[in-house]
Structure formats: C-alpha cells, structure tokens
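# my questions concern the predicted model and sequence given below.
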Amino acid sequence: MWRSYRRAVEILQAILLTGLPFVTINGRSALRFDLADLKLYVFGSVIWLKEFYLLLFAILFFLLLITAVTAVFGRIWCGWLCPQTVLLDLSESIARRLSLIGKKPARHLVLLLFSALVSITVLWYFVSPFDTFGTLFRAPVITSFFLVQWVLIYAELAFLGRRFCTTVCPYAMMQNALFDKDTLVIEYDRSRENECMHCDDCVSACPVGIDIKEGLSSSCIACAECIDACASVTAKRNMRPFPGYRGSMLRSKTYWLGAVTLAAGIILAIMVYARPEVTFLISRDPERMPEGINRYSWSLYNNGGERLALEMTAEEGFAVIGETTLVLEPYSFQKGKVLVRSEGGKDEVSLRIDGSNVHIEKKAGFL
C-alpha cells in the first residue's frame, strides 16, 4: 500500500527536521540562522549577511532542484514531502489513533498542542534548542515569533487544511508549466473503464476531493490514496487498481536536468567551503587627522570553528599605533579602528593579519 510508504517517508522527515537543530558541529548547530548576529550556520561553516551572493546562489540551486524534481516526478513533492501535507497527515494520524475523529473539541485541543510543538521546532532553526526554553518567555521577540507561528500553524491545520494546496499554494499553480508527456503522474486507466465497479472509493479517499476518473487535475497532490482505495477493492477480484503512476523517469530530460542541478550544488558547496578561514576588510576613514597619520576601520570575520589569535601589522615604512593583538572566537565577527603612522611618505599602505595558518594582506590609500 502506498500509504505505508508515505507514512514512513513523513515520519522520517519529521524525525530529521526535529532532530537536526540538536546536531552540533564545532559547538554550533548544524543548520541555524542566528537572529542576533544575522549569520547562517551551515554544517560547520557560516554565511554572513554581507555574503548575500551565496544566499542568492543557494536560492538559484533550490529553484533548479524544484524544477528538476517537478519535471521528472510531477507532484511527488506535494503528496510526499511538502511540510503542509506532512503536518496534515501526521495530525490526522494522531487524531485517528486517539479516536478523536468526529470529536471536534478534543481534536482541536490536540491540534493546539501539536501546533505548539511544530512552532517550537521551527524556532529551533533560529534560536539554539539548548537555549530556547530559557528565553522563550523572557525575550519579547522570541516569544512573539513563537506565538505568531503557533497561531498560524494551528489556523492552517484546523481551518484551511487541504484547501491551501488547491487555492493558495503558488507552487501548485506553476507545476503545469513544468510537466511534459513523460512526467510522473497518477492517471486513471481508461482502456479498462468497462471493468471499473464505479464504487467511487477513490473519490472518497482523495484528500482534495477530486475524481481521478475524470482525468488529470491541477489539484491532484499525487498522494496515491486513490490507488490504495481502488486496490482494496480490485484485490478481491485479482485485478490491479485502475488508477496508477504513469510516466518515464529515466529519459534525456532527467539526465540533463539532474546534471545541471548537481553542478549547481557542487559550485555552491565550493563557494561556501572554499572561502578563506578569515575575511579581513579595511577602509580609510575620511576624518582629518594629524599629518602623517590616518585612521582605518577594519572588520574581521572568522568563518571557521577554531579560536584564533591574530596580529595586525603594517608594511615597512608604516607603524600601527595602539593594540595590535586580536582574539577572534569561532564563527565570530569583530570590527574596530586603528591608527597608522607613515614613516616613509608612501601614498598606499598594506595592513597584514597574521596568525596560525592565517596570512592576509590588504591595501588601502594613505593621505
């Protein structure tokens, strides 16, 4: 039965998404956006807000991935992987196991508790799960974030439900443009229509209320409930179900779309993990200073998980005035100002950052 496979995939997805925030690499969450410092932890690396180009490329990669999956597997995302579908299926499974079908007050109470759990899970991708309960009702921003999510998730599960897929979801609306004659879809076998018992079990089982016998519909989420419902009837007559998956997954489009998506993923990984361990930025301040002295603003970003002790120096002919020893914590950012005195009359200065396996040099104008 397709339902058992879908439930296994959904439970696995729920375990993965709930457990991922607890996975740590170099003392930080494997995947989390830090709201306080506006940085994204990504499996042992960090992406800063200034590196917006990486986020744009990541969005491009996911658009390619969605295009490839939709063109080849059709609405498999909608019926098997979409968080909307997974949450609705899991909430319905909980209600069924607790015998709450038809008992609205009790069912809504369970939905409230379930929605709170989902809201906390989403929150863990922005606030460390180890700090969540200590700050949940102490930090107004975090409390508001949790409560707004809780209300929206509950309202969506309790009142909007499957109608979201057929009326609101933009992805469902764009899928038809990505389909071709070989895309995987659920289709009714019209060549055997005279054998159909017309029991309409497939219609009753459909979560979005369509009749698969009437042909392909943009509302179909490819959940295969109609196949299972039909199979439970046709199996008694030693017949295969009338609805079934149709399409060809292994074709030229699969290979070239897969190759383009894989290449984009590899490029994205290289862009993230091939960055220098430390990023050093410097600019001269425009304020007038005593002759022979310039002031510079500097920024240091530690892209790795090690604590770094660094030394700031200038090239021969210049001297750095003030503290030059810097300590950079893992995945941290520092900024400051430094005075540089010229001892040789050059119009350009090179400032260096040196430490264990870190050697960076930046040039800046000198007046």
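Looks like it arrived, so ask away. Numbering: from 1, shown residues only.
# check which residues of the helix or strand of the chain with the lowest mean pLDDT are buried.
Least confident element among the helices and strands of the chain, by mean pLDDT, DSSP states H and E: helix 170-174 (a mean of 79). The neighbour-count check on helix 170-174 (16 or more other CB atoms under 10 Å) flags Ala172 as buried. In short, each C-beta sits where N, CA and C put it, glycine included.
# can you list the strands that whichever helix or strand comes after it pairs with?
Note on helix 170-174: by DSSP states H and E, the next helix or strand toward the C-terminus is strand 185-188. Here strand 185-188 is paired, per DSSP bridges, with strand 243-246 (antiparallel).
# who touches the following helix or strand past the partner strand?
Counting by DSSP H and E, the element after strand 243-246 in chain order, helix or strand, is helix 252-273. Helix 252-273 has contacts (CB atoms under 8 Å, 6 or more residues apart in numbering) with 42, 45, 47, 54, 57-58, 60-61, 64-65, 67-68, 71-72, 180, 182.
# most neighbours of all those residues, which one?
Within the contacts of helix 252-273, neighbour counts (other CB atoms under 10 Å) peak at Val72, which reaches 23 neighbours.
# distance check, that residue against Gln13.
20 Å (CB to CB, to the nearest Å).
# before we move on, what about Pro330?
Pro330 is 30 Å from Gln13, by CB to CB.
# re the thing from before, which residues are contacting the least confident helix or strand of the chain?
Contacts of helix 170-174 (CB under 8 Å, 6+ apart): Ile66, Arg75, Trp77, Cys78, Cys165, Thr166, Ser218, Ser219, Ile221.
# just stretch 69-79 next, same as before
Residues outside stretch 69-79 that contact it (CB under 8 Å, 6+ apart) are 6, 66, 85, 165, 169, 171-172, 175, 178-180, 183-185, 220-224, 247, 249, 253-254, 257.
# and it, average pLDDT?
Summarised as a single mean, pLDDT over stretch 69-79 is 89.
# dump that stretch to PDB, restricted to CA.
Taking Å, rounded to 0.1, in the frame of the first residue of the first chain, the C-alpha atoms of stretch 69-79 are listed here in PDB:
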ATOM      1  CA  VAL A  69      12.100  17.200  -9.400                       C
ATOM      2  CA  THR A  70       8.800  18.600 -10.700                       C
ATOM      3  CA  ALA A  71       9.600  18.000 -14.400                       C
ATOM      4  CA  VAL A  72      10.600  14.300 -13.700                       C
ATOM      5  CA  PHE A  73       8.500  13.300 -10.700                       C
ATOM      6  CA  GLY A  74       5.500  15.600 -11.100                       C
ATOM      7  CA  ARG A  75       3.600  16.400  -7.900                       C
ATOM      8  CA  ILE A  76       5.700  13.900  -5.700                       C
ATOM      9  CA  TRP A  77       6.700  16.900  -3.600                       C
ATOM     10  CA  CYS A  78       3.100  17.800  -2.900                       C
ATOM     11  CA  GLY A  79       2.000  14.400  -1.800                       C
END
